[in-house]
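> take this sequence and fold it.
(chains A, B, C and D)
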Number of protein chains: 2
Amino acid sequence: MKVIAREDRGLPARIAGDIGRRITLGELKVGDTLPKEADMLAGLGVSRTTLREALKILSTKGFIEAKPRLGTRVRAAEHWNTLDPVVLSWQGDADDQEALAEELFEIRLSIEPLAARLAARRGSAREHAQIRAAYLRMAEERAGLEEAIEADIDFHLQIFQAAHNRFLLPVASVIRAALSISIPKTMAASGGFGQSLAQHEAILVAIEARDEETAASTAATLIASTYKRNFQTA
Amino acid sequence: MKVIAREDRGLPARIAGDIGRRITLGELKVGDTLPKEADMLAGLGVSRTTLREALKILSTKGFIEAKPRLGTRVRAAEHWNTLDPVVLSWQGDADDQEALAEELFEIRLSIEPLAARLAARRGSAREHAQIRAAYLRMAEERAGLEEAIEADIDFHLQIFQAAHNRFLLPVASVIRAALSISIPKTMAASGGFGQSLAQHEAILVAIEARDEETAASTAATLIASTYKRNFQTA
DNA sequence: TTCTCATATAATCGGAGTTATTATTGGTCA
DNA sequence: TGACCAATAATAACTCCGATTATATGAGAA
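Next comes the predicted model:
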């Protein structure tokens, strides 16, 4: 699958991931101070520059905070940039995956109808066409499973693009990461797209007709029924 | 005011900000390749480590992408992490502030009712008490304007905290940054809290009563009327 | 209690070697 | 002669290193 990742390349990113996962797993607790720079250097066997960049990555994701003399401390979870796909993948390794999935559905149920509404309001004809193209690829009988899943994800992302709201895009990126995991699960459980395809079409038609209310409500319906399909089988 | 910032300390962060602003301002366009490392070093007069950390910051915020042989290129705006308060402050220097404010209201109108609903559902008694405490500080007659504004922001943040959904928190952080700008503007325009105080109280009461529907609808009402107050006067 | 100073720690510096990607060149095959 | 493939070279980011500088804290003296 490997839709996510792409950002775990490079030595600093890998070290940041190691430490980040130790934090999400609770091995490193909030308020703990990491070993001082020199000690970690010896322990990891990398150079200052590399470690420093790794810590900088963790810092920009809100995981740690470095102060001279005090050392580098783990920040509280509320500062973590949970919408970062990389952070999501770290948390995915933790053991509260069901809670994570439920929280994600909560926010999708609130955000995706908004995206559909705005796509209906502001999307250009070209953008609407791209949403339709994604739908057609998804509906294509001959398409393989892989392609259909890709098209499904693309369908949702194109809606976010057409919404022309830049605050939606970071949310879209985490939804993309989540879909690449949840769609195959859903399909395996219920044996295919099922009514999901019809629901996608309803959203598409509403957006193209610039019917904001219907676009929003059909989007909500889709998320809600996806949610049910995921949790019936769990 | 200075509620934002805090992350613009340090030389790398300042350089990242300089470059980041040049990108949001359009001085550096999408697809442009930055000067190669050695040249920027000479131009900026800083060390490799510093520049490297600055670029790493920009990279984690989705602004740039570095590839060997190709150089470091500016990524499309859809990859920017717009929910990062620092990124918001960079964009605030650009000239499309009204559009930015409108997009923010759109997302608040969708997210804050959800937060209120979840706070009603899952918030602990202690967390509800903290929301109430923030409300009381806001309502306090003797309180100065500064304190009232701080309390107003705190009220919203406490609701996000009580919602127990980790995907909401990154959105909360950008809302915090935005509120610290928009509240004073709103108050200056309409001469005080006005009916806003009563609306806050309605949300509080609904959350404490664990009445999810009312919590969500009153939160929507508050955002909508705040939106109107901001755009009537603009 | 307050101010000063020593100290520990992160922040910054600059240079050099390594690795990965791409463009170019040369050759081969149709 | 044309197009395509493979080896090669060049370029820029990546990694490493050791030293120096700035700063915050805590101890000690006034």
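
> does the helix or strand hosting residue A:175 reach chain B?
In the assignment (DSSP states H and E), residue A:175 maps to helix A:168-190. Yes - with CB under 8 Å from any CB of the partner chain as the criterion, chain B is reached by helix A:168-190 at A:168-171, A:173-174. Yep, even glycine has a C-beta here, placed from its N, CA and C like the rest.

> again, but for stretch A:31-38
No - Stretch A:31-38 lies out of reach of chain B by CB under 8 Å from any CB, never closer than 12.9 Å.

> quick check: end-to-end length of that stretch?
20 Å (CA to CA, to the nearest Å).

> gap between it and the chain center?
Computed by CA atoms, centre = their mean, to the nearest Å, the chain-centroid distance of stretch A:31-38 equals 30 Å.

> stretch A:36-49 too?
For stretch A:36-49 - counting by CA atoms, centre = their mean - the centre lies 32 Å from the chain centre.

> near DNA strand D, anything from that stretch?
Yes - using CB under 7 Å from any atom of the strand, stretch A:36-49 reaches DNA strand D at A:46-49.

> returning to that earlier point: now do the helix holding residue A:175 against helix B:168-190: the angle between them, please.
Helix A:168-190 runs at 140 degrees relative to helix B:168-190, counting by axes from the mean of the first three to the mean of the last three CA atoms, to 10 degrees.

> hang on, the earlier thing: what's the PyMOL line that selects buried ones from the residues of stretch A:36-49 next to DNA strand D?
Of these, the buried ones can be selected in PyMOL as follows, counting by 16 or more other CB atoms under 10 Å in any protein chain shown:
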select buried, chain A and resi 46
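
> tell me the one of the residues of stretch A:36-49 next to DNA strand D nearest residue B:195?
residue A:49 (56.2 Å; CB to CB).

> check contacts around the closest one.
Going by CB atoms under 8 Å, 6 or more residues apart in numbering or on different chains, residue A:49 touches B:48-49, B:52.

> what does residue A:201 give?
So residue A:201 contacts A:135, A:139 (CB under 8 Å, 6+ apart).

> can you mark which positions in stretch A:194-212 are buried?
Buried-residue list, stretch A:194-212, by 16+ other CB under 10 Å: A:196, A:199-200, A:202-204, A:206-208, A:212.

> now tabulate the residues you listed in TSV and tack on pLDDT.
Below are these laid out as TSV (pLDDT from 0 to 100):
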residue	pLDDT
A:196	87
A:199	95
A:200	96
A:202	97
A:203	98
A:204	98
A:206	98
A:207	98
A:208	98
A:212	98
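
> among those residues, which pair sits farthest apart?
A:196 and A:212 (22.1 Å).

> can you give me the strands for chain A?
Listed in chain order, the strands of chain A (DSSP state E) span A:64-67, A:71-74.

> how about the CA coordinates for the first one, as PDB?
It refers to strand A:64-67. Extracted C-alpha coordinates of strand A:64-67, given in PDB (Å, rounded to 0.1, in the frame of the first residue of the first chain):
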ATOM      1  CA  ILE A  64       9.600  18.300  22.500                       C
ATOM      2  CA  GLU A  65      10.900  21.600  23.700                       C
ATOM      3  CA  ALA A  66      14.600  22.300  24.300                       C
ATOM      4  CA  LYS A  67      15.900  24.900  26.700                       C
END
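
> got a list of contacts for it?
The contact list for strand A:64-67, computed with CB under 8 Å, 6+ apart, reads A:34, A:55, A:58-59, A:72-75.

> so who does the residue nearest to the spatial centre of chain A touch?
With distances taken as CA atoms, centre = their mean, the residue of chain A nearest its centroid is residue A:174 (1.7 Å). By CB under 8 Å, 6+ apart, residue A:174 lies in contact with A:82-85, A:88, A:104, B:167.

> was I right about residue A:17 contacting residue A:91?
No - in this structure, residue A:17 is not within contact of residue A:91 by CB atoms under 8 Å, at 11.9 Å.

> setting aside sequence neighbours, what's the nearest residue to residue A:218?
residue A:202 (4.3 Å; CB to CB, 6 or more residues apart in numbering or on different chains).

> verify the stated contact: the one you found with residue A:217.
No - applying CB under 8 Å, one finds residue A:202 not in contact with residue A:217, separated by 9.3 Å.

> residue A:113: neighbouring residues, count only.
For residue A:113, the count of nearby residues is 23 (other CB atoms under 10 Å in any protein chain shown).

> so it makes contact with residue A:222?
No - using CB under 8 Å, residue A:113 makes no contact with residue A:222, being 9.3 Å away.

> the residue lying closest to residue A:82 once chain neighbours are set aside: what's it in contact with?
In this structure, residue A:82 finds its nearest non-sequential neighbour in residue B:166, 4.6 Å apart by CB to CB, 6+ apart. Shown in contact with residue B:166 (CB under 8 Å, 6+ apart): A:77, A:80, A:82, A:91, A:100, A:103.

> what sits against residue A:137?
A:143, A:147-148, A:150-151, A:154.

> now, the residues you listed that are in helices?
Applying DSSP state H to the contacts of residue A:137, the entries found in helices are A:147-148, A:150-151, A:154.

> write the PyMOL selection for whichever of those residues are buried.
Here is the PyMOL command that selects the buried residues among the ones in helices among the contacts of residue A:137 (16+ other CB under 10 Å):
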select buried, chain A and resi 148+150+151+154
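
> of all the ones in helices among the contacts of residue A:137, which comes closest to residue A:121?
Nearest to residue A:121, judged by CB to CB, of the ones in helices among the contacts of residue A:137 is residue A:154 at 21.1 Å.

> the closest one against residue A:134, yeah?
Yes - contact criterion CB under 8 Å: residue A:154 and residue A:134 qualify, at 4.3 Å.

> ok, the buried residues of stretch A:194-212 vs chain B, which is closest?
Of all the buried residues of stretch A:194-212, residue A:212 has the smallest distance to chain B: 12.1 Å, by CB to the nearest CB.

> what are the ranges of the helices in chain A?
With helices called from DSSP H, chain A shows them at A:11-24, A:37-44, A:48-60, A:85-92, A:97-122, A:125-139, A:145-163, A:168-190, A:196-208, A:212-232.

> show me what the fourth one is packed against.
For helix A:85-92, the helices and strands in contact under the criterion 3 or more CB pairs under 8 Å, 6 or more residues apart in numbering or on different chains; DSSP states H and E are helix A:11-24, helix A:168-190.

> would you list these in TSV and tack on mean pLDDT and distance to DNA strand D?
Formatted as TSV, the helices and strands packed on helix A:85-92 follow (pLDDT from 0 to 100; distance: least, CB to the nearest atom of the strand, whole Å):
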stretch	mean pLDDT	distance to DNA strand D
helix A:11-24	86	3
helix A:168-190	81	20
